[in-house]
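Participant: quick one, fold the following:
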Amino acid sequence: MRSTSFPARLTVAGAAAAALVVPIGTAAGAAEAAPAHGKSRHCVTVSFIEQLVTTDTTDVAPAGPSVGDVVITEDAVLDEDRNRVGTNDIQGVIIKKDAATGELFSFSTAKYTLDDGVIQVAGIVNLTRLAAGETQKLPAAGLKGRYAGKTGELTWTLVSATESLNSIKLCG
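Facilitator: I've put the predicted structure just below:
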């Protein structure tokens, strides 16, 4: 059984902003400063609520959050009116416990399948800091639809054991 002070879903990747800034499906900052080769970069930002739907946890010894634990989840992606606009399929594994600080780290991957495209996210999450309310950031890449070929960053702030506020900015 997991400690209630450390939500089991924290081994997943995700992202968030402290508030919903741009509703999903809208562009923010149509172009950024021109890169060195002179072409403008079209950027898009999507912000949404993410809500846990299902979770499957493999808790290896010792009991509780520890290196080797694996979590697979499906989350609903909701717009600011809480309408479902996609899903996020997530896999995470705890890969490290810092001996000096006790902080836990996971490697997590997430595939956002949204109404207007697909975004892949992968990276290291400091689970201890996330549980303490600190925002985590992970690299993101657009795979299909209006996000294809764009790269950027997902930010994630957990607001409860089952919900987070998320923002992904992609440019390219």
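
Participant: report the distance from stretch 112-122 to the chain centre.
Facilitator: Centroid displacement of stretch 112-122 relative to its chain, using Cα atoms, centre = their mean, to the nearest Å, is 11 Å.

Participant: show me the contact partners of it.
Facilitator: Defining contact as Cβ atoms under 8 Å, 6 or more residues apart in numbering, one finds that stretch 112-122 is touched by 13-15, 24-25, 46, 77, 85-89, 107-111, 138-148, 154, 168, 170. Yep, even glycine has a C-beta here, placed from its N, CA and C like the rest.

Participant: could you verify that R129 is part of a helix?
Facilitator: Yes: using DSSP: H, G, I helix; E, B strand; the rest coil, the assignment for R129 is a helix.

Participant: so who does it touch?
Facilitator: Going by Cβ under 8 Å, 6+ apart, R129 touches 103, 136.

Participant: can we see that at 7 Å?
Facilitator: E103 (Cβ atoms under 7 Å, 6 or more residues apart in numbering).

Participant: per-residue confidence averaged over stretch 72-83?
Facilitator: What stretch 72-83 shows for mean pLDDT is 97.

Participant: got the buried residues for it?
Facilitator: Within stretch 72-83, the residues that count as buried by 16 or more other Cβ atoms under 10 Å are 72-73, 75-79.

Participant: buried ones in stretch 127-139?
Facilitator: 127-128, 130-131, 135-136, 138.

Participant: may I have the strand or helix carrying L52 exported as PDB, CA atoms only?
Facilitator: Assigned by DSSP states H and E, L52 belongs to strand 43-58. What follows is strand 43-58, C-alpha atoms only, in PDB (Å, rounded to 0.1, in the frame of the first residue of the first chain):
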ATOM      1  CA  CYS A  43       4.300  28.400 -32.000                       C
ATOM      2  CA  VAL A  44       1.200  26.900 -30.500                       C
ATOM      3  CA  THR A  45       0.300  26.600 -26.800                       C
ATOM      4  CA  VAL A  46      -2.300  24.200 -25.500                       C
ATOM      5  CA  SER A  47      -3.500  24.300 -21.900                       C
ATOM      6  CA  PHE A  48      -5.800  21.800 -20.300                       C
ATOM      7  CA  ILE A  49      -6.900  19.900 -17.200                       C
ATOM      8  CA  GLU A  50      -5.700  16.300 -16.900                       C
ATOM      9  CA  GLN A  51      -7.800  13.900 -14.900                       C
ATOM     10  CA  LEU A  52      -6.800  10.300 -13.900                       C
ATOM     11  CA  VAL A  53      -9.100   7.700 -15.400                       C
ATOM     12  CA  THR A  54      -7.300   4.300 -14.800                       C
ATOM     13  CA  THR A  55      -4.100   3.300 -13.200                       C
ATOM     14  CA  ASP A  56      -2.100   0.100 -12.900                       C
ATOM     15  CA  THR A  57       0.800   0.100 -10.500                       C
ATOM     16  CA  THR A  58       3.500  -2.500 -10.000                       C
END
